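1. Fold the following, please.
(chains A, B, C and D)
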Protein chains: 4
Amino acid sequence: MVSFECDYIAGAHPEILRKLTETNMESLPGYGMDHYTESAKEKIKAACGMPDAEVEFLVGGTQTNSVVISTMLRDWEGVIAADSGHVSVHESGAVEYTGHKVLQLPGKDGKLEASAVRAFLENFNNDVTHDHMVFPGMVYISYPTEPGTLYSKAELEALSEVCREYGLPLYLDGARLGYGLMSDACDLTLKDIARLTDVFYIGGTKVGALCGEAVVFTKGNRPAHFMTSVKKRGALLAKGRLLGIQFDTLFTDDLYFKISRHAIEMAGRVKEIIREKGWQVYMDSPTNQQLILMTEDEMAELGKSIIFDRWGVYDETRTIVRIATSWSTTEEDIEALSKA
Amino acid sequence: MVSFECDYIAGAHPEILRKLTETNMESLPGYGMDHYTESAKEKIKAACGMPDAEVEFLVGGTQTNSVVISTMLRDWEGVIAADSGHVSVHESGAVEYTGHKVLQLPGKDGKLEASAVRAFLENFNNDVTHDHMVFPGMVYISYPTEPGTLYSKAELEALSEVCREYGLPLYLDGARLGYGLMSDACDLTLKDIARLTDVFYIGGTKVGALCGEAVVFTKGNRPAHFMTSVKKRGALLAKGRLLGIQFDTLFTDDLYFKISRHAIEMAGRVKEIIREKGWQVYMDSPTNQQLILMTEDEMAELGKSIIFDRWGVYDETRTIVRIATSWSTTEEDIEALSKA
Amino acid sequence: MVSFECDYIAGAHPEILRKLTETNMESLPGYGMDHYTESAKEKIKAACGMPDAEVEFLVGGTQTNSVVISTMLRDWEGVIAADSGHVSVHESGAVEYTGHKVLQLPGKDGKLEASAVRAFLENFNNDVTHDHMVFPGMVYISYPTEPGTLYSKAELEALSEVCREYGLPLYLDGARLGYGLMSDACDLTLKDIARLTDVFYIGGTKVGALCGEAVVFTKGNRPAHFMTSVKKRGALLAKGRLLGIQFDTLFTDDLYFKISRHAIEMAGRVKEIIREKGWQVYMDSPTNQQLILMTEDEMAELGKSIIFDRWGVYDETRTIVRIATSWSTTEEDIEALSKA
Amino acid sequence: MVSFECDYIAGAHPEILRKLTETNMESLPGYGMDHYTESAKEKIKAACGMPDAEVEFLVGGTQTNSVVISTMLRDWEGVIAADSGHVSVHESGAVEYTGHKVLQLPGKDGKLEASAVRAFLENFNNDVTHDHMVFPGMVYISYPTEPGTLYSKAELEALSEVCREYGLPLYLDGARLGYGLMSDACDLTLKDIARLTDVFYIGGTKVGALCGEAVVFTKGNRPAHFMTSVKKRGALLAKGRLLGIQFDTLFTDDLYFKISRHAIEMAGRVKEIIREKGWQVYMDSPTNQQLILMTEDEMAELGKSIIFDRWGVYDETRTIVRIATSWSTTEEDIEALSKA
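-> Take a look at the predicted model:
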């Protein structure tokens, strides 16, 4: 059986394991005070072209979203997100657990439109009862989005402009950031992301790490006493080196981007197979996740040799199936899919 | 100036003030342990035809919703509500403050449809990723709804059936319950409400009381140690007598229903005036709130003698205006509106 | 039976009921936007000698503590309180419910000593692990304290100085403020309280009101969007007039102070009776609550005609009994106690 | 420089890294659904002598405490802990963040005494105002305790008995469990711990793992929908294999116990050195942490070649210094300390 189930089916990129092994017996201080963590931060700031940014490491994506959102929002505020956003749907209410509402707006192809955000903010301000409502206090987007689509540079600039105009921080969830940036359809660079958002995270878990996400506060806006707030949320790792060494490795010699590009190339091969087989595409995705429609019979057939993800129900007879590539997808995997 | 702004512009029904004054110097125990509170509970249980129901008094509507919802939901659950529901829009995120998500479904005329709830629950159960989502743990409806519409008996029965089928408690927010039950369009009784829901509250604040809502747990389902949970939420009134005496008065000689009926009759007179004047109705309401569309010029004219509520924006030129009657609306008020 | 159980056994001071009745049919806006509330705020600011203070009304004491503390603390902070403080013991964890720790210090006669607070803050700052701890973010005291004692002016000044030195707001819980200020042992004025604290509340529930507490932010430090935060906590009263009219009455012609003084005089009579009868005093109190030690037999005897409060367990044979006077205590009550 | 700063200065036991590397490219399902996680659970259950126990893996100690405590407590409850307990002092208020109070009792040598717990529970039950208080809902202890002491079997049995008598779950924080069980002073086995507690965790982070703690619910008492509650708290690891493989390795061939025993032997050597040098011991510890008193001068001297932890302030001239051994302490480290 070959798995295309998701982009976290394998362990870590071998270079990461090598580095963890090499440094294993070094005595290092805890809680991210070690020099590998420091080095990783510097490399990420350089990659962002932002020497003054502040970088913090957390363990997983939902944790990162709830920590960042709850430490940046003020008491009376909630976070705007597309109704298909990860924080809206697939985090078991982690944002609400921190006492804040997710203000869900209808998205388009998984994306939040600047015009929809502007209309919402205008309506809110015009509503004479808004003191009885949740104030919008942040805008959350995913890049790539949950179904694998990408914001264009123009779209991100438009969102960024609305946010600046209304004084709201723009937060970009980059759980799969590498797979977005390395897509042929991407017209954004990491530096653009850093410039156009107020805070974002570079996903490690889905892009070669065992675990870990790197949060970048781009505008001198890291919440005060962030370490204590992280601890309070049960999110502070004692052996911070585990995160630091992994990101130090990923941001050495462009490893993060190279392995992301590999996944995109493998996804290109998957798209060819989809075309050849005539499978119906649910939503065209330029990134590492391909969504196709299948009947139960088709899934039974494919499932004989391939592990895939049932992403959602499409209609009474068809399911949305996800075929995901990642840094770990091999030529052999692609051939197995082709034969399936 | 005559006010039709809302249904809480006046103090209390005079009979309530009379009773508060009459009993004022009696020494009574605190925290709702007094005999007036006991008497009020008994009268409400009798009115509901439910000798075994459990009745608790709280101070206001948002407080009641957040206390009831957060003490009944389990950790992994959220509450289903119409996107126009009070808990969805106008409580500043009070439910989310307790750590729970409001699962918003599109409503129709302010109402949640049984079919929509059923579809949502089926989809949830069929979703293989649902352990990563918020589990539906309760259904919230308002009666009358926020724009003043009513569920028919058939509609409430259908909702009740879905809830029973899926094992979810059905919670009815009766902030304006009297104005619903006394509407000509109502085919439900208080006993029907008690039978078809699992918990509901009888609104006092908007129906003749200075403050106060009576929560009725109809199925032996009052959360354990409810008093402590109420205290923990800052919602326990030291002088519980203030709530007990008010509800004891409202449920003596059907006062609650008589004054509700008065508001409905006054609303009938308002509807006649609307017809006569040819004002355009936004949503037809059989209860005490009438929603009409007005331009800025029309509002300026009306505003010379009448205080009304800007309920929402309709389009670029027109506003949704609310004209609300209540137990305190007088013939003179109606005449003033007619002349305006 | 005559009750000395607590200071909230009666309804409201008759003048309050008179005023509520007189204004009952006036149409007023909700949520504290009415002119009585405005007038009450002005009178309180004048009584505090602080024209720039900001005054807000809430319903009860625990609610006030949890709203004030949770809106003023920052994410990483907790509130320092005596281990006998109301927030430490008798609020069912209402502060913790908002996500903040009560940092309990041993008190002396119910009071927090400036030296203890200073030592705690110094230790905290010196502790190299303090980023893993809860930062002290506020100091909470009660005046009078829970057992009825009072801070002297020198003690309050010392606390105020420590707080200023360490940049912490000093919050005074004045649930029984009137009974403190009118005590013969009091060397503080309301203006002193306003000057020496950063925020405090003037208790209404226990001093003549049906309900209600007036929070005074003395240093331009009312939390932003306070109304929305209050709503979010289920603490916003629709008919804000209920609180405004009561405090407007209490702060007209010094009513608050006159009725407080009456309670103190009645407490003086109780102290005489205690002396005459040779009852053993648990803690000498110059305010309206007297704590005495009684055996079960003595309580049984007293309980034949007097209702009192079992305040706590003293030792294996004796209970701490509370005899409380209030604005509503009468000469007849005192005589009944004397005869008991 | 040689570090005795804490027991998490090194990476993972080499066998763990070997196993992570060996299994790295295997395709495995996420969220702990993989066969290594399953195997680890089985081995832990076997080691506990409890085939019916339920085992769950979490990332770190504070996270584990806040997840376990907040999912097991009911709304009206708090957790009893020694005032020196990790949850009381060094978790930045993580328990309070979940809305629950830590009910702190004075400890003795870091331990909670059964008699103190019993007295607290009796007083609580006898207190007529206890509905206004936080109900005790769980007892938390650490083994070894924060300063390194151990409960004897008799002490743990006594605590267990009190808990059973009052119907409270007993929760044991085993962040350093191996170092306790392998101590010469220990008269308890892992099976005893499993039998005498209701829930406990086996610490990995401090005993050879990169991260990870194994929670054991011993009495069929795992909270319902635990995975969703974990996700809601941002604590669900996508690559659950990282935890599963580590614990599978630690519980193969008694590795966990062997490496723990090594740390204890090294601690024995440290104790000899302390004796030889005549350093004053703060609290005698039979586990891997030794606490000694040092002046600034002494620390400056020792600090030339040894990294140690300033554990706390003892008096005006002396600091409590912690010398910790761990699975990674070597003979060379001990020699370096001896020479220092």
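
2. Every contact and neighbour count from this point should use C-alpha atoms.
-> OK.

3. can you give me the strands for the stretch 1-150 of chain A?
-> All strands of the stretch 1-150 of chain A, identified by DSSP state E, counting those that start in this stretch, fall at A:2-3, A:54-58, A:77-82, A:102-105, A:135-142.

4. Could you export those strands as a markdown table, including distance to chain D and mean pLDDT?
-> Putting those into a markdown table (distance: least, C-alpha to the nearest C-alpha, whole Å; pLDDT from 0 to 100) gives the following:
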| stretch | distance to chain D | mean pLDDT |
| --- | --- | --- |
| strand A:2-3 | 6 | 96 |
| strand A:54-58 | 10 | 98 |
| strand A:77-82 | 17 | 98 |
| strand A:102-105 | 14 | 98 |
| strand A:135-142 | 17 | 98 |
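
5. Between the ones you listed, which shows the greatest average number of neighbours?
-> With neighbours defined by mean count of other C-alpha atoms under 10 Å in any protein chain shown, none of the strands of the stretch 1-150 of chain A is more surrounded on average than strand A:77-82, at a mean of 27.

6. Please give the number of neighbouring residues around A:V67.
-> Around A:V67 there are 24 other residues, counting by other C-alpha atoms under 10 Å in any protein chain shown.

7. should've said A:E296
-> By the measure other C-alpha under 10 Å, the count of residues near A:E296 is 11.

8. where do the helices sit along the stretch 201-340 of chain A?
-> If DSSP state H, counting those that start in this stretch is used as the criterion, the helices of the stretch 201-340 of chain A fall at A:226-232, A:241-250, A:255-277, A:296-302, A:331-339.

9. Would you mind giving those as a markdown table with mean pLDDT and distance to D:E331 added?
-> Compiled in a markdown table, the helices of the stretch 201-340 of chain A are given as follows (pLDDT from 0 to 100; distance: least, C-alpha to C-alpha, whole Å):
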| stretch | mean pLDDT | distance to D:E331 |
| --- | --- | --- |
| helix A:226-232 | 98 | 34 |
| helix A:241-250 | 98 | 24 |
| helix A:255-277 | 97 | 38 |
| helix A:296-302 | 96 | 57 |
| helix A:331-339 | 97 | 48 |
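
10. any chance of these in CSV, with distance to A:I202 too?
-> Written out in CSV, the entries for the helices of the stretch 201-340 of chain A read as follows (distance: least, C-alpha to C-alpha, whole Å):
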stretch, distance to A:I202
helix A:226-232, 18
helix A:241-250, 10
helix A:255-277, 10
helix A:296-302, 33
helix A:331-339, 26
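
11. Those helices: which one's closest to chain B?
-> Minimum separation from chain B across the helices of the stretch 201-340 of chain A (C-alpha to the nearest C-alpha) falls at helix A:296-302, 14.2 Å.

12. what about the closest one, distance to the chain center?
-> Relative to its chain's centre, helix A:296-302 lies at 30 Å (C-alpha atoms, centre = their mean, to the nearest Å).

13. Can you tell me which residues in chain A are near chain B?
-> Of all the residues in chain A, those in contact range of chain B (C-alpha under 8 Å from any C-alpha of the partner chain) are A:76, A:89-93, A:96-101, A:127-135, A:310, A:312-313.

14. what about burial for the residues you listed, which qualify?
-> Buried by 16 or more other C-alpha atoms under 10 Å in any protein chain shown: A:76, A:89-93, A:96-101, A:127, A:130-135, A:310, A:312-313, out of these.

15. if we can go back for a sec, what would the strands of the stretch 1-150 of chain A look like in JSON lines with distance to C:L177?
-> Formatted as JSON lines, the strands of the stretch 1-150 of chain A follow (distance: least, C-alpha to C-alpha, whole Å):
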{"stretch": "strand A:2-3", "distance to C:L177": "70"}
{"stretch": "strand A:54-58", "distance to C:L177": "47"}
{"stretch": "strand A:77-82", "distance to C:L177": "34"}
{"stretch": "strand A:102-105", "distance to C:L177": "41"}
{"stretch": "strand A:135-142", "distance to C:L177": "35"}
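
16. Excluding chain neighbours, give the residue nearest to the residue in the stretch 201-340 of chain A positioned nearest to chain B in space.
-> Nearest residue of the stretch 201-340 of chain A to chain B (C-alpha to the nearest C-alpha) works out as A:G312 at 6.8 Å. Leaving aside its sequence neighbours, A:G312 sits nearest to A:I320 (C-alpha to C-alpha, 6 or more residues apart in numbering or on different chains; 5.1 Å).

17. Tell me if I'm right that A:D7 and A:R322 touch.
-> No: no contact is recorded between A:D7 and A:R322 when judged using C-alpha atoms under 8 Å, the distance being 10.7 Å.

18. so how far is A:Y36 from A:E42?
-> Plainly put, A:E42 is 10 Å away from A:Y36 if you go by C-alpha to C-alpha, to the nearest Å.

19. do the same with A:E54
-> Remark: distance between A:E54 and A:Y36 (C-alpha to C-alpha) = 16 Å.

20. quick one: contacts for the residue sitting furthest away from the middle of chain A?
-> For chain A, the residue at maximal distance from the C-alpha centroid (C-alpha atoms, centre = their mean) is A:V128, at 36.3 Å. Counting by C-alpha atoms under 8 Å, 6 or more residues apart in numbering or on different chains, A:V128 makes contact with B:R310.

21. Now do it against B:R74, distance only.
-> According to C-alpha to C-alpha, A:V128 and B:R74 sit 35 Å apart.

22. try A:D333
-> As defined by C-alpha to C-alpha, A:D333 lies at a distance of 43 Å from B:R74.

23. before we move on, what about A:G204?
-> A:G204 sits 33 Å away from B:R74, taking C-alpha to C-alpha as the criterion.

24. same check, this time on A:T71
-> From A:T71 over to B:R74 the distance is 25 Å, taken as C-alpha to C-alpha.

25. Map the structural domains onto the sequence of chain A.
-> Per automatic domain parsing, the domain ranges recorded for chain A read A:2-8+A:256-339, A:14-254.

26. Show the pLDDT at the spatially most central residue of chain A.
-> For chain A, the residue lying nearest the average C-alpha position, counting by C-alpha atoms, centre = their mean, turns out to be A:A175 (1.9 Å). Reported pLDDT at A:A175 in the predicted model: 98.

27. Leaving aside the residues adjacent along the chain, what's closest to it?
-> The shortest distance from A:A175 to any non-neighbouring residue, by C-alpha to C-alpha, 6+ apart, is to A:G203 (3.9 Å).

28. so who does the one you found touch?
-> Neighbouring residues of A:G203 by C-alpha under 8 Å, 6+ apart: A:G61, A:G174, A:A175, A:R176, A:L177, A:G178, A:G212, A:E213, A:A214.

29. before we move on, the earlier item: just the domains of chain A: most buried one?
-> Mean neighbour counts were compared across these using mean count of other C-alpha under 10 Å; the top stretch is domain A:14-254, at a mean of 22.

30. what about the helices in the stretch 1-150 of chain A?
-> For the stretch 1-150 of chain A, the helices identified by DSSP H, counting those that start in this stretch occupy A:14-22, A:35-48, A:61-72, A:86-89, A:94-97, A:114-126, in order along the chain.

31. need these in JSON lines with distance to B:R261 and mean pLDDT, can you?
-> What follows is the helices of the stretch 1-150 of chain A, written out as JSON lines (distance: least, C-alpha to C-alpha, whole Å; pLDDT from 0 to 100):
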{"stretch": "helix A:14-22", "distance to B:R261": "74", "mean pLDDT": "98"}
{"stretch": "helix A:35-48", "distance to B:R261": "67", "mean pLDDT": "98"}
{"stretch": "helix A:61-72", "distance to B:R261": "47", "mean pLDDT": "98"}
{"stretch": "helix A:86-89", "distance to B:R261": "43", "mean pLDDT": "97"}
{"stretch": "helix A:94-97", "distance to B:R261": "40", "mean pLDDT": "98"}
{"stretch": "helix A:114-126", "distance to B:R261": "35", "mean pLDDT": "97"}
